[in-house]
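[1] Need coordinates for the following:
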Amino acid sequence: MIYWEIFLAFFIPGILGYGGGPATIPLIEHEVVHRFEWMTVEEFGEVLALGNALPGPIATKMAGFIGYEQGGILGAGVGLFATIAPSLILMIVLLSILYRFKDSPKVKLLSNIVRPTIAVLLGVLTFRFVETSYLESGWLQTGFLLVVSYYLLEKRKIHPAYVILGALVYGALFLAPTG
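    Got it, this is the predicted structure:
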């Protein structure tokens, strides 16, 4: 029963809280403090402060912590799933609708408009990454990583995840700041 309550405590705010973490915090507080009485207002405030101090989405951090406090590791998993489930369900529904009408001239026009925009955004992102890499590590390291990555991706057909992992290992070994 506790897992169902954990699920409801985070799923309902996820459905009703439009606007992300800040919009869902009062709803989560209502469920956790007033409905299920797992915490006092002061304890909830401490969890909120801790969640704000850590990087990442606030609602998922709170769901994991509160879920763990109430139901252990499984409770943390249930809380995290309940937090992301509304977005996941909506995405699946919207993608299924889009897939159903994929041959529609309007959907094709939308795709033709969106594709170049995404390409430009990815190009700008790539430029910023290269610029930051140059400023932090210099042209030699940046050029080396670009050339090796291109070779591995395009010529050797290595999966991008392995190339990224290799670049992370290279950075940890050769580019880590020495203290």
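[2] Number of residues surrounding E31?
    By the measure other C-beta atoms under 10 Å, the count of residues near E31 is 21. From N, CA and C alone the C-beta is placed, and that goes for glycine too.
[3] and what of V78?
    Neighbours of V78 under the rule other C-beta under 10 Å: 26.
[4] Which elements pack onto the one helix or strand it maps to?
    In the assignment (DSSP states H and E), V78 maps to helix 58-100. Secondary-structure packing of helix 58-100 (3 or more C-beta pairs under 8 Å, 6 or more residues apart in numbering; DSSP states H and E): helix 2-16, helix 21-29, helix 41-53.
[5] would you turn those helices into a markdown table with mean neighbour count and distance to R156?
    Output for the helices and strands packed on helix 58-100, formatted as a markdown table (neighbours: other C-beta atoms under 10 Å; distance: least, C-beta to C-beta, whole Å):
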| stretch | mean neighbour count | distance to R156 |
| --- | --- | --- |
| helix 2-16 | 19 | 42 |
| helix 21-29 | 18 | 41 |
| helix 41-53 | 14 | 43 |
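[6] any chance of the ones you listed in a markdown table, plus mean pLDDT?
    Formatted as a markdown table, the helices and strands packed on helix 58-100 follow (pLDDT from 0 to 100):
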| stretch | mean pLDDT |
| --- | --- |
| helix 2-16 | 95 |
| helix 21-29 | 87 |
| helix 41-53 | 92 |
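[7] Tell me which of these sits nearest to I118.
    Ranking the helices and strands packed on helix 58-100 by proximity to I118 (C-beta to C-beta) places helix 21-29 first, at 25.5 Å.
[8] by contact count, what packs against that closest one?
    When contacts are defined as 3+ C-beta pairs under 8 Å, 6+ apart, helix 21-29 sits against helix 2-16, helix 41-53, helix 58-100.
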